[in-house]
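Asks: sequence below, structure please.
(2 chains)
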Protein chains: 2
Amino acid sequence: MTQTGSTLSTQLAEAAQPASGAALIALDWGTTSLRAYLFDANGAVLETRASTAGIMNLPRPAAEGGFDAAFDAAVGAWLDRSPELPVIAAGMVGSAQGWKEAPYVNTPASADALVDGIVRVQTARGVPLNIVPGVLQNGELPNVMRGEETQIFGALACADASGAAASAASNGVLIGLPGTHAKWVMVRDAKIERFHTFMTGEVFAALTEHTILGRTMVTPDRPDTDAFLRGVRVARDKGQAGVLATIFSTRTLGLTAQLTREQQPDYLSGLLIGHELSGLEAALAQQQSTLAGRSLQLIGNEALCERYRLALEQFGCHQAELVRHATEHGLWRIAAQAGLVAEASGAAQTT
Amino acid sequence: MTQTGSTLSTQLAEAAQPASGAALIALDWGTTSLRAYLFDANGAVLETRASTAGIMNLPRPAAEGGFDAAFDAAVGAWLDRSPELPVIAAGMVGSAQGWKEAPYVNTPASADALVDGIVRVQTARGVPLNIVPGVLQNGELPNVMRGEETQIFGALACADASGAAASAASNGVLIGLPGTHAKWVMVRDAKIERFHTFMTGEVFAALTEHTILGRTMVTPDRPDTDAFLRGVRVARDKGQAGVLATIFSTRTLGLTAQLTREQQPDYLSGLLIGHELSGLEAALAQQQSTLAGRSLQLIGNEALCERYRLALEQFGCHQAELVRHATEHGLWRIAAQAGLVAEASGAAQTT
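Replies: Numbering: from 1, shown residues only, chains lettered A, B, ... in the order given. Modelled structure (predicted):
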């Protein structure tokens, strides 16, 4: 797959080609956003479109054709030009609240299992939409993902193509997906083996917007890395009483003039990410593993992944590699594996 | 002090006496509420008044006499009848956002140190208001309290009077104050030695009202103790990855039909309180101590303290005693120790 770089945030790719070269439409359809990609037959992204029509934010209610309306607004123009294009989607669109439920595939979950679990919904314009299922890890504390499984197989496709993960495959690959609900996923033998979800991003938002901690905060002009790392280290070294206790220090360090109002948001962010990594470290320890000295992959917003990279260094992990365009890689790979497109050259192309 | 029981929630005590028998007015003045007590010379509560005029909820802005207005509304009638009554207050009224700041007393903090730290503010009607200071535990993770220090010395006064704490005094007394910001306080040799704050109550509210966890919840008709204890045990036994991870199980157990919508609020409450107690246990371990087999005291809302009592049993602690009316006991004791009232019989009376 050709990396399209910054053009992913625009409507047209660097080297726009006529739609007649199009081979696949793929959707990353989440709760609050919808992103659409038009691929050529080599797996290169020709065009992208983004909207806020997530499944909880449809232009009209689902019962009144809201999914079709969002679908048409996003990709109707592409389908007008090429009505026969196959269409694939991943994310919350396959949840119980989505267009049609694609039941979870159980761990350990391979790309083949995801392909087997694809569910089809007939759109109003007659084109079938292929929905990739999420993954469920059952047990006393179940875990679920929808959308991340596709990103993970995209990241693995990149690594396969570069040969980097050949040796790591049997030892297991650790992949972090920071965000609203951060995921940490262990992949072994090309299967999603187990994973954890940390509600770090959503808890940060709830704490800053809806508790006393936000009242003394001022958003700084630019992130304060020192305050962030201070929070990470407090969580790592002084976090025994847990995050419910340490977060109060955001306030008390302010009351005692040891933390300015502008430093408090980054300090709290560092605390939460530090507790997330401490929790991950404890979970790894149960598998006789550790973050220290490990190489891992990060998928997600670049600035946020950079914060995680800095935090991971505080845990002795200095090889955290950002995987770009994992979503597009994953959607292409699963579509190819499902036979929706002819696979160009075995694995997805990387530059 | 005579326990007034249920009359504390009414305007008049069981055995209302003429205001001429009044000896002290005491205020528990927090962020969102104000509670006033009229004591007789024996430390018995004659009348109580409650209002929502906390320091963040004054009838008019502080700069326009909001504190005086709230004060007059609460206790003006009592002062009209007995203009010479001494008046004492504890709580956020002494914070930087309060009527007048009463600087924190450092740990280890005795009742004498609180008395020495009392700050006076002149009210518009000429009566001075004596404000009890809060307590600060300085250090890398500072901790603060305002109001709880008064409750703690009230609880100790009860124990002193009953003789129960005589032997415990040198070993240390552990006191829990569940609530929005739960405190766990170690008292040794009649001094507040150290304490922790857990933002359990406020985090529960933020999670249920402002995150995805609340979306699938339905408030049950009555608390579901089984769901609560299940949460406590998960935090205790499966909580290694930390609370940011375990809270997501509130949702996934719902998705996998292992937890009904009505069970989710109590399960989440149990998770959070369980993580609080696990964190407390870890902090105690650093002092070569533990919750198991320990006797301790609880101060606060009776139903909430009962939840904590059940949770503490899961940690092997079966002797958690609820201390009633700790606020009134504490206000009376500190007023007596400050010479605002003649102390009737050494320690406060208990029934």
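Asks: lowest-pLDDT helix or strand in chain A?
Replies: When the helices and strands of chain A are scored by mean pLDDT, DSSP states H and E, helix A:168-171 comes last with a mean of 56.
Asks: for residue A:195, give me its contacts.
Replies: Residues counted as contacts of residue A:195 (CB atoms under 8 Å, 6 or more residues apart in numbering or on different chains) are A:107, A:135, A:137, A:143, A:145, A:183-186. In short, each C-beta sits where N, CA and C put it, glycine included.
Asks: nearest to chain B: which residue in the stretch 1-150 of chain A?
Replies: Of all residues in the stretch 1-150 of chain A, residue A:142 sits closest to chain B, at 4.1 Å by CB to the nearest CB.
Asks: that residue contacts residue B:250, correct?
Replies: No: Residue A:142 lies out of contact with residue B:250 (CB atoms under 8 Å); the separation is 10.9 Å.
Asks: which of these two has more neighbours?
Replies: residue B:250 (28 against 19; other CB atoms under 10 Å in any protein chain shown).
Asks: ok, and the more buried one, which helix or strand is that part of?
Replies: Assigned by DSSP states H and E, residue B:250 belongs to helix B:249-255.
Asks: just checking, what packs against that helix?
Replies: Secondary-structure packing of helix B:249-255 (3 or more CB pairs under 8 Å, 6 or more residues apart in numbering or on different chains; DSSP states H and E): strand A:143-145, helix B:212-215, helix B:264-285.
Asks: can you give the domain ranges for chain A?
Replies: Chain A breaks down by automatic domain parsing into domains covering A:5-162+A:327-337, A:198-322.
Asks: ends of the last one, what's the gap?
Replies: In this case it means domain A:198-322. End-to-end distance for domain A:198-322: 19 Å, by CA to CA, to the nearest Å.
Asks: next one: stretch A:293-313
Replies: End-to-end distance (CA to CA), stretch A:293-313: 10 Å.
Asks: of the domains of chain A, give the one that comes closest to residue B:98.
Replies: domain A:198-322 (13.1 Å; CB to CB).
Asks: what about the helices in the stretch 51-200 of chain A?
Replies: Secondary structure of the stretch 51-200 of chain A (DSSP state H, counting those that start in this stretch): helices at A:66-81, A:111-116, A:148-162, A:168-171, A:200-210.
Asks: pick the most buried one from those helices.
Replies: Ranked by mean neighbour count, these are led by helix A:148-162 with a mean of 25 (mean count of other CB atoms under 10 Å in any protein chain shown).
Asks: does chain B sit close to it?
Replies: No: judged by CB under 8 Å from any CB of the partner chain, helix A:148-162 makes no contact with chain B; its nearest approach is 13.3 Å.
Asks: where does pLDDT dip in the stretch 251-351 of chain A?
Replies: Where the stretch 251-351 of chain A drops to pLDDT under 70, the residues are A:343-351.
Asks: in it, what residue lies closest to chain B?
Replies: For the stretch 251-351 of chain A, CB to the nearest CB, closest residue to chain B: residue A:279, 3.5 Å.
Asks: related to what we said a few turns ago, comparing the helices of the stretch 51-200 of chain A by mean pLDDT, which bottoms out?
Replies: With a mean of 56, helix A:168-171 has the lowest mean pLDDT of the helices of the stretch 51-200 of chain A.
Asks: chain B contacts on the stretch 101-250 of chain A?
Replies: Along the stretch 101-250 of chain A, the residues adjacent to chain B under the rule CB under 8 Å from any CB are A:136, A:138, A:140-144, A:181, A:196-200, A:202-203, A:205-207, A:209-213, A:234, A:238, A:240-249.
Asks: what subset of those residues is buried?
Replies: Among these, the ones that count as buried by 16 or more other CB atoms under 10 Å in any protein chain shown are A:136, A:141-144, A:181, A:196-200, A:202-203, A:205-207, A:210-213, A:234, A:238, A:240-249.
Asks: pLDDT weak spots in the stretch 51-200 of chain A?
Replies: Using pLDDT under 70, the flagged stretches of the stretch 51-200 of chain A are A:160-171.
Asks: can you redo the contacts of residue A:195 as a markdown table with distance to residue B:33?
Replies: Shown next, in a markdown table, are the contacts of residue A:195 (distance: CB to CB, whole Å):
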| residue | distance to residue B:33 |
| --- | --- |
| A:107 | 49 |
| A:135 | 48 |
| A:137 | 45 |
| A:143 | 41 |
| A:145 | 44 |
| A:183 | 42 |
| A:184 | 42 |
| A:185 | 47 |
| A:186 | 49 |
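Asks: can I get the buried part of those as one ChimeraX selection?
Replies: A single ChimeraX command selects the buried members of those (16+ other CB under 10 Å):
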select /A:107,135,137,143,145,183,184,185,186
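Asks: for residue A:274, which non-adjacent residue is spatially closest?
Replies: residue A:235 (2.7 Å; CB to CB, 6 or more residues apart in numbering or on different chains).
Asks: could you give the angle of the strand or helix carrying the one you found to helix A:264-285?
Replies: Assigned by DSSP H and E, residue A:235 belongs to helix A:225-238. Here the directions of helix A:225-238 and helix A:264-285 differ by 40 degrees (axes from the mean of the first three to the mean of the last three CA atoms, to 10 degrees).
Asks: average model confidence for the following helix or strand past helix A:225-238?
Replies: Toward the C-terminus, helix A:225-238 is succeeded by helix A:243-246 as the next helix or strand (DSSP H and E). The average pLDDT for helix A:243-246 rounds to 98.
Asks: what about helix A:243-246, distance to the chain center?
Replies: With CA atoms, centre = their mean, to the nearest Å as the basis, helix A:243-246 stands 27 Å off its chain's centre.
Asks: and stretch A:102-121, end to end?
Replies: 10 Å.
Asks: thought residue A:199 was touching residue B:244?
Replies: Yes: here residue A:199 reaches residue B:244: they are 5.6 Å apart, a contact under CB under 8 Å.
Asks: can I get the domains of chain A in a markdown table including distance to residue B:269?
Replies: Shown next, in a markdown table, are these (distance: least, CB to CB, whole Å):
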| stretch | distance to residue B:269 |
| --- | --- |
| domain A:5-162+A:327-337 | 17 |
| domain A:198-322 | 13 |
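Asks: the most far-flung residue of chain A relative to its centre: what's it in contact with?
Replies: Residue farthest from the centre of chain A, counting by CA atoms, centre = their mean, is residue A:256 at 38.5 Å. Residue A:256 makes contact with B:136, B:138, B:142, according to CB under 8 Å, 6+ apart.
Asks: next, count neighbours for residue A:60.
Replies: Residue A:60 has 12 neighbours, counted by other CB under 10 Å.
Asks: which parts of the stretch 251-351 of chain A sit against chain B?
Replies: Residues of the stretch 251-351 of chain A lying near chain B (CB under 8 Å from any CB): A:252-253, A:255-256, A:258, A:272, A:275-276, A:278-280, A:282-283, A:286.
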